[in-house]
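Novice: Build me a model from this:
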Amino acid sequence: MTTIPTTEKDANAGHVAAVLTTALAPAIWGSTYYVTTSFLPHGYPLTVALLRALPAGLLLLAFVRILPTGIWWGRAFILGALNFSFFWAMLFISAYRLPGGVAATVGAIQPLIVIALARVVLGRAVRPLAVVAGIAGVIGIALLVLTPKAALDPIGIAAGLAGAASMACGTVLTRHWQPPVGNLAFTAWQLTAGGLLLVPLALWLEPALPIPTLPNVLGIAWLGLIGAALTYILWFRGLARIEPSAAASLGFLSPLVATLLGWLLLDQSLTPLQLGGFALVVVSVWLSQRAAIARYTAR
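Specialist: Next up, the predicted model:
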């Protein structure tokens, strides 16, 4: 009987632990739709994105008390734009112009973009299993959230693809640009930069936010402290430890959790086709992690 060396077992266990903690981030992001529709005023997407990013970033910045130096000022704003400002702006445009199912399906192409970018930027080999997992994930998300009456809007499709490409670039560059500081400071830089970039957009494109109610405050607190500060600490920590394609595939958990919350809290139904999509998404994430583990153990 073949035994696995202890060091290899430890490496695999560490990788699995990193994947599980990273997966918490997109799982929590899946609550965004429910919190936004149930606790926040409608019609202020950029303002909500600003309030989600900037206070959380400033809070973390006040805690770590470390500012970027040299080239990291520019990199912080580039990553802040890719991971937050531009990504969220495109996401909201896509969400407004497309049915939710279409927007989620378009965004699900992100892991495939990450695979291509990781080949170009990081020199990672393209593993067929990872590509199959990405395609399976797109199909699974389509079955889970797409409806027969879904309408296609060219601008919405373009915005959805641009948002997916933005987050994919942010994912790969976050791995490529290893920061000279800890994960807390790196997250603080990006959240603050992304929030600052959203300020002029929110002021220019949206009316003033009404006086917030208690549910509004609770919703913003959840999205900012949990859905931004905590989750992005976990996300960026994971990007430093696991393959970008494996991390990107975990994004499939967001629409999966959003669908589950809609079923549990909003009394939405699940059809057999959606259950099939649910299972396919789970298989897709598992296949992607298997591909990443195969590369990890081969080093």
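Novice: C-alpha only now, for contacts and for neighbours.
Specialist: Noted.
Novice: After the strand or helix carrying Gly170, which helix or strand is next?
Specialist: Assigned by DSSP states H and E, Gly170 belongs to helix 154-176. Per DSSP H and E, the first helix or strand lying C-terminal to helix 154-176 is helix 183-205.
Novice: For that following helix, give the mean pLDDT please.
Specialist: Average pLDDT, helix 183-205: 94.
Novice: Using PDB, list the CA coordinates for that helix.
Specialist: What follows is helix 183-205, C-alpha atoms only, in PDB (Å, rounded to 0.1, in the frame of the first residue of the first chain):
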ATOM      1  CA  ASN A 183      -2.900  41.300   4.300                       C
ATOM      2  CA  LEU A 184      -4.800  43.800   6.500                       C
ATOM      3  CA  ALA A 185      -2.900  46.800   5.200                       C
ATOM      4  CA  PHE A 186      -3.200  45.500   1.600                       C
ATOM      5  CA  THR A 187      -7.000  45.200   1.900                       C
ATOM      6  CA  ALA A 188      -7.200  48.700   3.500                       C
ATOM      7  CA  TRP A 189      -5.300  50.300   0.700                       C
ATOM      8  CA  GLN A 190      -7.500  48.700  -2.000                       C
ATOM      9  CA  LEU A 191     -10.800  49.400  -0.200                       C
ATOM     10  CA  THR A 192      -9.900  53.000   0.500                       C
ATOM     11  CA  ALA A 193      -8.600  53.600  -3.100                       C
ATOM     12  CA  GLY A 194     -11.700  52.000  -4.600                       C
ATOM     13  CA  GLY A 195     -14.000  54.000  -2.300                       C
ATOM     14  CA  LEU A 196     -12.300  57.300  -3.200                       C
ATOM     15  CA  LEU A 197     -12.700  56.600  -6.900                       C
ATOM     16  CA  LEU A 198     -16.400  56.000  -6.400                       C
ATOM     17  CA  VAL A 199     -16.900  59.400  -4.700                       C
ATOM     18  CA  PRO A 200     -17.100  61.500  -7.900                       C
ATOM     19  CA  LEU A 201     -19.300  58.900  -9.700                       C
ATOM     20  CA  ALA A 202     -21.800  58.800  -6.800                       C
ATOM     21  CA  LEU A 203     -21.900  62.600  -6.500                       C
ATOM     22  CA  TRP A 204     -22.300  63.200 -10.200                       C
ATOM     23  CA  LEU A 205     -24.600  60.400 -11.200                       C
END
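Novice: buried ones in that helix?
Specialist: For helix 183-205, burial by neighbour count (16 or more other C-alpha atoms under 10 Å) applies to 183-199, 202.
Novice: can you list the residues that contact the helix holding Gly170?
Specialist: Residues outside helix 154-176 that contact it (C-alpha atoms under 8 Å, 6 or more residues apart in numbering): 79, 82-83, 86-91, 93-98, 103, 106-111, 113-114, 117-118, 121-122, 236, 239-240, 244, 248.
Novice: Please apply the same query to stretch 233-240.
Specialist: 18-19, 21-25, 171, 174-175, 178, 183-184, 187, 247.
Novice: Please repeat the previous calculation with a cut-off of 7 Å.
Specialist: Residues outside stretch 233-240 that contact it (C-alpha atoms under 7 Å, 6 or more residues apart in numbering) are 18-19, 21-22, 25, 175, 183-184, 187, 247.
Novice: Which of the contacts of helix 154-176 fall in helices?
Specialist: Per DSSP state H, helices hold the following members of these: 79, 86-91, 93-97, 103, 106-107, 110-111, 113-114, 117, 236, 239, 244, 248.
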